[in-house]
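Undergrad: Okay, sequence plus prediction incoming.
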Amino acid sequence: MGGDPRLTLAGPVLDVAPRLLGGLLTAGGVTVRLTEVEAYAGEQDPGSHAFRGRTPRTQVMFGPAGFAYVYFSYGMHWCLNVVAGEDGAASAVLLRAGAVVDGLEHALARRPGVRERDLCRGPARLTRTLGITGEQDGADLLDPASALRLELPAAAPPDVRTGPRVGVSGDGAAFPWRFWVDDPSVSAYRAAAPRRRPAG
DNA sequence: GTGGGGATTTACT
DNA sequence: GTAAATCCCCACA
């Protein structure tokens, strides 16, 4: 699967998401190998920011694949998505976790005292470790001159696991659109609608 | 102009 | 396990 990476990312988001696992994301002098992602499937996905249609914040999602959608959450966190699907599909893949493979010194400098496996264990930790903020919203991930670069793996890892998305409530939680590989950097946070001990 | 909620992380009990 | 931190975005009026 050589091919034009832009074309690969322009495929159906549920195909694109697992293809990002093993990919290399570089920013702020740090490179991570992606270990966990989540798919957000456009305007018909109740869990997606694009669910309510095009807005100033989500306009990047409605554009062509391969660009960065960076949003701000909970008053302090940035999260990074890769826009996927055809132009106008408004689908994207949230990058939830990764393992640092280069620039460890820069990563540790940004996150003093944090264990190596926790550096990018979670979507907001990942952006913080790589120094990603809203300034990178709309960046072309496939442009070598970009502050944010993504390199797709030659092939998807053979052992991709799937499960419900994290932090998504309501109907959007029904689909197993979270993809990960077995790695210590994969986030381990509770689901959006945590259950108490199962009745019975 | 106002109000409610959020694709989270961290610290504390 | 529970709660605090913290502010942008969006829907309404």
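TA: Happy to help now that I have it.
Undergrad: Run through who's touching the helix or strand of chain A with the lowest mean pLDDT.
TA: Lowest mean confidence among the helices and strands of chain A (mean pLDDT, DSSP states H and E): strand A:161-163, at a mean of 92. Under the criterion CB atoms under 8 Å, 6 or more residues apart in numbering, residues A:176, A:177, A:178, A:179, A:180, A:181, A:182 lie in contact with strand A:161-163. Quick note: C-beta positions are derived from backbone N, CA and C, even for glycine.
Undergrad: closest to DNA strand C among these?
TA: Closest to DNA strand C out of those is residue A:178 (19.9 Å), distances taken as CB to the nearest atom of the strand.
Undergrad: Verify the assumption that residue A:97 is located in a strand.
TA: Yes - according to DSSP: H, G, I helix; E, B strand; the rest coil, residue A:97 belongs to a strand.
Undergrad: show me the contacts for it.
TA: So residue A:97 contacts A:34-36, A:120-123, A:125-126, A:180, A:183, A:185-187 (CB under 8 Å, 6+ apart).
Undergrad: Can you add neighbour count and give the residues you listed back as CSV?
TA: Converted to CSV, these look like this (neighbours: other CB atoms under 10 Å):
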residue, neighbour count
A:34, 29
A:35, 26
A:36, 27
A:120, 33
A:121, 25
A:122, 22
A:123, 25
A:125, 20
A:126, 30
A:180, 23
A:183, 17
A:185, 25
A:186, 20
A:187, 19
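Undergrad: From those, which land in strands?
TA: A:34, A:35, A:36, A:180 (DSSP state E).
Undergrad: I'd like those residues laid out as CSV, including distance to residue A:71 and pLDDT.
TA: Converted to CSV, the ones in strands among the contacts of residue A:97 look like this (distance: CB to CB, whole Å; pLDDT from 0 to 100):
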residue, distance to residue A:71, pLDDT
A:34, 18, 98
A:35, 21, 97
A:36, 18, 97
A:180, 21, 95
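Undergrad: Between all of those, which two are at the greatest distance?
TA: Largest separation among the ones in strands among the contacts of residue A:97 by CB to CB: A:34 and A:180, giving 9.4 Å.
Undergrad: shared neighbours, these two?
TA: Common contacts of residue A:34 and residue A:180 (CB under 8 Å, 6+ apart): A:21, A:97.
Undergrad: Of the ones in strands among the contacts of residue A:97, which is the nearest to DNA strand B?
TA: Among those, residue A:36 lies closest to DNA strand B (CB to the nearest atom of the strand), at 10.5 Å.
Undergrad: Any idea what the closest one is bridged to?
TA: Using DSSP bridges, the beta-bridge partners of residue A:36 come out as residue A:97, residue A:180.
Undergrad: Now restrict the contacts of strand A:161-163 to buried residues only.
TA: Buried members of the contacts of strand A:161-163, scored by 16 or more other CB atoms under 10 Å, are A:177, A:178, A:179, A:180, A:181.
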